[in-house]
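1. fold the following, please.
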Amino acid sequence: MVNTLALQKIIKHKKIININKVKLIFYSFLFLIGLPMINSEYNIIVFNSHEYRAGHFAFNSNGDMIIEYSKDNYRLFYGLKKNGKYFFKDNEENEVPTKEIEINNNGNDAKRYESQNIFVLNNNDNTKQYLFSIGTYVSYTELHDLDTGEYIIKPTNEFLGNTIFSYIFSLLELTDSNNKIYLITYIYNKKYMLQKFSFTEFNLSLTVDSYSSPYETTSFSHRIVNSFIMDTRIVMLFVNWEQYYEIYIFDFNFNRLNDGKVIKFEQISSFNDGFGIFSKGLHLKDNYVIFIYYLSPNTNSLKLKIGSINDNYTFTEKLSKALNDYNFNYDVLLNDFVKMNEERCFFLTISSGERTILTILLIFQNLNINIFI
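-> A predicted model of the protein is given here:
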């Protein structure tokens, strides 16, 4: 059961801090409620040495959580172990919540925009994990060895061969036999891209296998694409050239499994070219999936849908619900959808016109909803 008292304490403080800090506290809360013991007090940690942005969190195989924030050449890491202790230590070996570094880029700027992070495994040494972080647009990709403090950076367009145009994209882990492979899904030149790569050493000079949609899937500049793993399948939710929500299903070799079997949802009634509107899908369990999406650049156009992706790669809707009683901000950067377990998901959003008001919807599998404002 959700610790309502802890959540109320977080919400009590949210109005005095910006959205990145709110998300930090809330994701820390999601992590902590899975622990056998929960601290009764939650401290507010303010990151004010620089105006940090582009924060994203990742969990290693031990269940430890790391969040990385960026500002120009500076990086700040917030770390929390699975046992509730801080991940980092200072020079006196005291546990501390953060570690800050300055990236050496031969005198050049190493600024980043939106980013995604994931811990990656060295397939030649399965005891070694690195923090991999990739940024959008004219930005950088990074590989950090948090044990030694070593890092490598590379322009993202050199690493992938393309620029990530999406504000929001997916970075996922695949398991192929005994090796770990990593998948990135993003938008480039109005096409949807899938690429995968793996690590055998501490290096960013990798072979990147690619799939590109064979035609311009969009006739406009959309800034979000979402993928998730469903057993041995990749499910990609996107907006097609007709402005319908559509689903592609791939195997791990990028063979499209639902080729000729179109899975489409509602059509978006209007569109903010160059920005897009928020949408995201999650795998619940078995063949069941859940999607949340806006139907227009309108604050009360949000919709939820639960259904099953069948063995013949068709979609069967089970439940749907319009959330048009709320005035939420449809911006792709001001929403998120997180799976807590097979029965519950969290939708985080911002009230329209007031970016200091965080709203949290606790969504159950029967589409009952609890609201925290």
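
2. for residue 96, list the residues it contacts.
-> 86, 88-90 (C-beta atoms under 8 Å, 6 or more residues apart in numbering). For every residue, glycine as well, the C-beta is placed using N, CA and C.

3. PyMOL command for the buried members of those residues?
-> Here is the PyMOL selection string for the buried members of these, based on 16 or more other C-beta atoms under 10 Å:
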select buried, resi 86+88
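
4. and the contacts of residue 96, which two are the farthest apart?
-> Greatest spacing in these, by C-beta to C-beta: 86 and 90 (10.0 Å).

5. for the residue of the chain most remote from its centre, phi and psi?
-> Distance from the C-alpha centroid of the chain, by C-alpha atoms, centre = their mean, peaks at residue 92 (34.6 Å). Main-chain dihedrals, residue 92, degrees, to the nearest 10: phi -90, psi 10.

6. give me phi/psi at residue 157?
-> Main-chain torsions, residue 157, degrees, to the nearest 10: phi -70, psi -20.

7. for the stretch 101-250 of the chain, what are the low-confidence residue spans?
-> 177, 214-220 (pLDDT under 70).

8. what's the closest of the contacts of residue 96 to residue 292?
-> For the contacts of residue 96, with residue 292 as the reference and C-beta to C-beta as the criterion, the closest is residue 86, at 33.4 Å.

9. these two touch, right, the closest one and residue 80?
-> Yes - Residue 86 lies in contact with residue 80 (C-beta atoms under 8 Å); the separation is 6.4 Å.

10. what residues are shared contacts of these two?
-> Overlap of the contact sets of residue 86 and residue 80 (by C-beta under 8 Å, 6+ apart) consists of residue 97.

11. still on that earlier bit, now, the contacts of residue 96 that are in helices?
-> Among the contacts of residue 96, no member falls in helices (DSSP state H).

12. the contacts of residue 96 in strands, which ones?
-> Counted as lying in strands by DSSP state E, out of the contacts of residue 96, are 88-89.

13. from the contacts of residue 96, which has minimum pLDDT?
-> In this model, the minimum pLDDT among these belongs to residue 90 (86).

14. what's around residue 108, how many residues?
-> Using other C-beta atoms under 10 Å, residue 108 has 9 other residues around it.

15. can you classify it by secondary structure?
-> Following DSSP: H, G, I helix; E, B strand; the rest coil, we place residue 108 in the coil state.

16. and it, how far from residue 140?
-> Distance, residue 108 to residue 140, using C-beta to C-beta, to the nearest Å: 10 Å.

17. domain assignment for the chain?
-> Per the record, the chain has its domains at 1-46, 55-333, by automatic domain parsing.

18. right, and residue 58 touches residue 120 too?
-> No - with contacts defined as C-beta under 8 Å, residue 58 does not count as touching residue 120, sitting 9.5 Å away.

19. what touches both of those two?
-> What both residue 58 and residue 120 touch, as defined by C-beta under 8 Å, 6+ apart, is the set residue 131.

20. for those two, work out which one has more neighbours and name it.
-> The residue with more neighbours, out of residue 58 and residue 120, is residue 120; 22 against 19, by other C-beta under 10 Å.

21. quick one, phi psi at the residue lying closest to residue 180 once chain neighbours are set aside?
-> Take residue 180 and drop its neighbours on the chain: the residue closest to it by C-beta to C-beta, 6 or more residues apart in numbering is residue 121, 4.3 Å away. Torsion angles at residue 121 (phi, psi; degrees, to the nearest 10) stand at phi -100, psi 140.
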